[in-house]
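> Predicted structure and sequence below. I'll ask about it afterward.
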Amino acid sequence: MGYYDRQFETSDFVVVSDGQTVPCRLYAPPAEKLAPQPLLYLSCANTIELSLGAFPYIVAVDEMLEQGHRVVSFDPPHHGSRAGEPYGSDIPGLRAAFLAGDDPFARFVRDGRAVIDRCIGMGIAEAGRIVIGGVSRSGYMSLRLYAEEPRIAALAAFCPVTDWRAIGFTEEREREEVAALRLSLLADRLAGKPMFIVIPNHDWAVSTRRCLQFYLDVQQANEAAGYGEKLVDLIVTDEAFHNCSGVWYAKAAEFLLKRALPVRRSG
């Protein structure tokens, strides 16, 4: 059975974060198909519509629903229903907001925490049983949220931006505040946290090299903290440009389920 044949219930709700309305959408299996200990998967692929309705992102969504888990998505700052004035949309909107002193990445963290608060309050999520998947720029924002949010148990990042000097802020790459956005500076906060990272071998959009440097910095932090190297899975694919095929979303869902669900022991 494929995603478009899957039986699930959908509902929309809003969260107010720092005075802004954040639209959210929930997908849930029917009650009789809900897992005994359901997870909540935050799907972040730039907009609600992409996150929950576009291939290949729906591969992970489909797997979560099939296994009886809930899925939620929300529009990040300057994307989807939140695009437009005063800063614009997509990456140019993120850039304009940041340079104007209205940090959209910090806002995403606040928004994500507000969404988690609301989902827990609704009884559809539980601390430590929440996982997240982020793509490209949303991969960056998801990693920022993951670094700050102990209630998230595991993360998958697909072609993630790890350093904005490679994309979006190239004209400002020499500015200290732009250099300070690189995720390697959060390596210590990400130590001890399970991650599944997929990056094409020649992703010149977000820079494979910078992503690999981030991975090395996190692994160094894991080693220094005594966690070893087994918490982070890095996949470097031979796919073209800035793309991860559906197979990696399926493997990411498998990783998230394995890392977040309790180990069942026999006997």
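Perfect, thanks for sending it. Residues are numbered from 1 along each chain as shown.

> pLDDT below threshold where in the stretch 1-150 of the chain?
Applying pLDDT under 70 to the stretch 1-150 of the chain flags residues 1-6.

> Let's see that with 50 instead.
For the stretch 1-150 of the chain, the stretches with pLDDT under 50 are 1-3.

> What are the boundaries of the strands in it?
Here the stretch 1-150 of the chain has its strands, by DSSP state E, counting those that start in this stretch, at 9-17, 20-28, 40-44, 70-74, 130-135.

> repeat for the stretch 151-267 of the chain
In the stretch 151-267 of the chain, the strands defined using DSSP E, counting those that start in this stretch lie at 152-158, 195-200, 232-237.

> and those, which is most packed in?
Compared across the strands of the stretch 151-267 of the chain, strand 152-158 shows the largest average neighbour count, a mean of 27 (mean count of other Cβ atoms under 10 Å). The C-beta positions use only the backbone N, C-alpha and C, and glycine is treated the same way.

> Give the pairing partners of it; include direction for each.
The pairing partners recorded for strand 152-158 under DSSP bridges are strand 130-135 (parallel), strand 195-200 (parallel).

> any idea how far the residue minimising distance to the centre of the chain lies from Ala100?
Centroid-nearest residue in the chain, with Cα atoms, centre = their mean: Gly134, separated by 2.7 Å. From Gly134 across to Ala100, the span is 24 Å (Cβ to Cβ, to the nearest Å).

> What is the burial count for Tyr56?
For the record, residue 56 is Pro, not Tyr. Neighbour count of Pro56, defined by other Cβ atoms under 10 Å: 17.

> from what I can see it touches Lys251, true?
No: contact between Pro56 and Lys251 fails when scored by Cβ atoms under 8 Å: they sit 11.5 Å apart.

> how deep is Gly139 tucked in, by neighbour count?
29.

> go on, Pro160?
The number of residues packed near Pro160 is 27, by other Cβ under 10 Å.

> ok, it - contacts?
By Cβ atoms under 8 Å, 6 or more residues apart in numbering, the contact set of Pro160 is Gly134, Val135, Ser136, Gly139, Tyr140, Ser142, Leu143, Leu183, Ile197, Ile199, Val206, Cys211.
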